[in-house]
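Undergrad: Just need the structure, nothing else, for what follows:
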Amino acid sequence: MSAREIPTLKSQYAEKVTADLDLNTAEQERIREEIASLQERLAGLEQDHVLLVGMRAALGDVAAAVSVPAPRAGKKAATATAVKQAPVKQAPAKNAPAKKAAAKKASGRKTTAVKAAAKEPVKATAVTSEEKAASKEKQVPLTELIHRHLSGQAEPKTAREIAQVLKVAHPDRSVSDNLVRTTTERLVARSLAERVKQGATVYYTALPHHGGAVEAPVAAAGEAAAEKETENTPAPATA
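TA: Below is the predicted model:
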């Protein structure tokens, strides 16, 4: 090995180590974002749990309030004495069971109405959760967003420039420079983007889909599946 080849090998190893470090940093950033998202979901579930526990306690209090309280012993004795002293009348005695039955029916209706009103917030919460899940499923994959942006640009763009545009266009999505860099590298691996390095800066340019307009839905579905895989598995380090 000549003396001229040694600096060349060193520079090649240095570039490889730098690329591996970039991928490692991007993967750490992605995992931190996933942890933050899971913490937000956990906080939401804890809030729902507290709300449901409070509703269950409220339903128990309402049921206790609707139930008829038992008469006291002193009142029973006083009532018995009054009955003995008062003359017996047949007509009021016949109407007493009817009044009790009507009171029980009214109490049952009130309990049913209270339970139905208490269940409505639970249904609303369930519908809101389903709508949120449906909206997340309808989101366009990040790879597709990056490819669309690069396809509309006349000049190559860096990962930071792409991330800044996506943050403004999609404020509801969590987009970072490292995540955009990792995702764009996957587009390069799929021959959907071209990577050009000028000094220490890396620029990206979009390449057209090879399958044409007919295979566009299939490509989009593949990119969505690949992005889900990206969120669940770390990206391998490349030279």
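Undergrad: Do you have the helices of the protein handy? List them.
TA: In the chain, helices defined by DSSP state H lie at 5-66, 73-85, 90-137, 142-151, 159-169, 177-189, 216-232, listed in chain order.
Undergrad: what's the fourth one packed up against?
TA: Using 3 or more CB pairs under 8 Å, 6 or more residues apart in numbering; DSSP states H and E as the contact definition, the elements that helix 142-151 packs against are helix 159-169, helix 177-189, strand 193-198, strand 201-206, helix 216-232. Where C-beta positions appear, they are placed from N, C-alpha and C, glycine not excepted.
Undergrad: Can I get it in PDB? Just the C-alpha atoms.
TA: Output of helix 142-151 as PDB, limited to C-alpha atoms (Å, rounded to 0.1, in the frame of the first residue of the first chain):
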ATOM      1  CA  LEU A 142     -44.200  11.700   4.900                       C
ATOM      2  CA  THR A 143     -42.400  10.100   2.000                       C
ATOM      3  CA  GLU A 144     -45.100  11.200  -0.400                       C
ATOM      4  CA  LEU A 145     -45.200  14.800   1.000                       C
ATOM      5  CA  ILE A 146     -41.400  15.100   0.500                       C
ATOM      6  CA  HIS A 147     -41.500  13.600  -3.000                       C
ATOM      7  CA  ARG A 148     -44.300  16.000  -4.000                       C
ATOM      8  CA  HIS A 149     -42.400  19.000  -2.600                       C
ATOM      9  CA  LEU A 150     -39.100  18.100  -4.400                       C
ATOM     10  CA  SER A 151     -41.000  17.400  -7.600                       C
END
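Undergrad: And it, what's buried?
TA: 142-147, 149-150 (16 or more other CB atoms under 10 Å).
Undergrad: Turn the residues you listed into JSON lines, including distance to Thr184 and pLDDT.
TA: Compiled in JSON lines, the buried residues of helix 142-151 are given as follows (distance: CB to CB, whole Å; pLDDT from 0 to 100):
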{"residue": "Leu142", "distance to Thr184": "9", "pLDDT": "90"}
{"residue": "Thr143", "distance to Thr184": "8", "pLDDT": "90"}
{"residue": "Glu144", "distance to Thr184": "12", "pLDDT": "91"}
{"residue": "Leu145", "distance to Thr184": "11", "pLDDT": "91"}
{"residue": "Ile146", "distance to Thr184": "6", "pLDDT": "93"}
{"residue": "His147", "distance to Thr184": "9", "pLDDT": "92"}
{"residue": "His149", "distance to Thr184": "10", "pLDDT": "92"}
{"residue": "Leu150", "distance to Thr184": "8", "pLDDT": "93"}
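Undergrad: farthest-separated two in these?
TA: Looking at those by CB to CB, the two members farthest from one another are Leu142 and Leu150, with 12.5 Å of separation.
Undergrad: Ranking helices and strands of the protein by mean pLDDT, which lands last?
TA: helix 216-232 (a mean of 50; mean pLDDT, DSSP states H and E).
Undergrad: neighbours around Leu192, how many?
TA: Per other CB atoms under 10 Å, the neighbour tally for Leu192 reads 22.
Undergrad: no wait, Val175
TA: Look at Val175: counted by other CB under 10 Å, it has 21 neighbours.
Undergrad: And Ala206, by the same measure?
TA: Here the count is done by other CB under 10 Å, and Ala206 has 20 residues near it.
Undergrad: Verify the contact between Lys167 and Val175 for me.
TA: Yes: under the criterion of CB atoms under 8 Å, Lys167 is in contact with Val175, at a separation of 5.2 Å.
Undergrad: between those two, what contacts are shared?
TA: With contacts defined as CB atoms under 8 Å, 6 or more residues apart in numbering, no residue is adjacent to both Lys167 and Val175.
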